[in-house]
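# Sharing a model that was predicted from the sequence below.
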Amino acid sequence: VQLVESGGGLVQRGGSMRLSCAASGFTFRNYYMSWVRKAPGKGLEWVSDINSGGGNTYYADSVKGRFTISRANAKITLYLQLNSLKPEDTALYYCSRDQSGGSGEYDYWGQGTQVTVSS
């Protein structure tokens with residue numbers, strides 16, 4: 001199993017960015033997928049989930065209305081669209097595979113992609 005994130009970088013407050021996660025080594029379309037982030041000096045924070053078919057999405061209150069999770073099962077890729085970015089969104093963003101149907105327990109993680117929002 002491999003998860004490879006991309007798309008991070010430096011953006012100004014209010015800006016937008018799209019993160020991608022290329023998956024391989026497993027049947028992507030069968031799994032819930034998640035984005036989790038780690039800000040400097042803080043613990044891991046769950047950001048968003050999407051079910052296997054892509055029809056159901058879930059968000060942390062801190063990002064609801066600003067971030068959008070999506071997936072392209074044919075391309076075995078997970079996405080996270082980040083809009084109206086704030087400095088507090090600065091973090092290392094990880095793509096992760098949920099072990100079982102939205103359990104919140106993750107068995108595989110990518111290496112992360114850094115998002116930095118300047119004020």
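Happy to help now that I have it.
# can we go C-alpha only for contacts and neighbour counts from here?
Fine.
# Would you enumerate the residues in contact with residue 113?
By Cα atoms under 8 Å, 6 or more residues apart in numbering, residue 113 lies in contact with 5-9, 92-94.
# for residue 24, same thing?
Counted by Cα under 8 Å, 6+ apart, residue 24 has contacts 1-3, 76.
# Which residue lies nearest the spatial centre of the chain?
In the chain, the C-alpha nearest the mean C-alpha coordinate belongs to residue 35, at 2.8 Å (Cα atoms, centre = their mean).
# Okay, and it sits in which element?
strand 33-38 (DSSP states H and E).
# Please state the offset of whichever helix or strand comes after that strand from the chain centre?
Downstream of strand 33-38, the first helix or strand assigned by DSSP H and E is strand 44-50. How far strand 44-50 lies from its chain's middle: 7 Å, per Cα atoms, centre = their mean, to the nearest Å.
# Check stretch 97-109 too.
Counting by Cα atoms, centre = their mean, stretch 97-109 comes out at 13 Å from the chain centroid.
# Stretch 56-71 too?
With Cα atoms, centre = their mean, you get 9 Å for stretch 56-71.
# Also stretch 5-19?
12 Å.
# One more: stretch 55-74?
8 Å.
# now stretch 111-119
Worked out by Cα atoms, centre = their mean, stretch 111-119 lies 12 Å from the chain centre.
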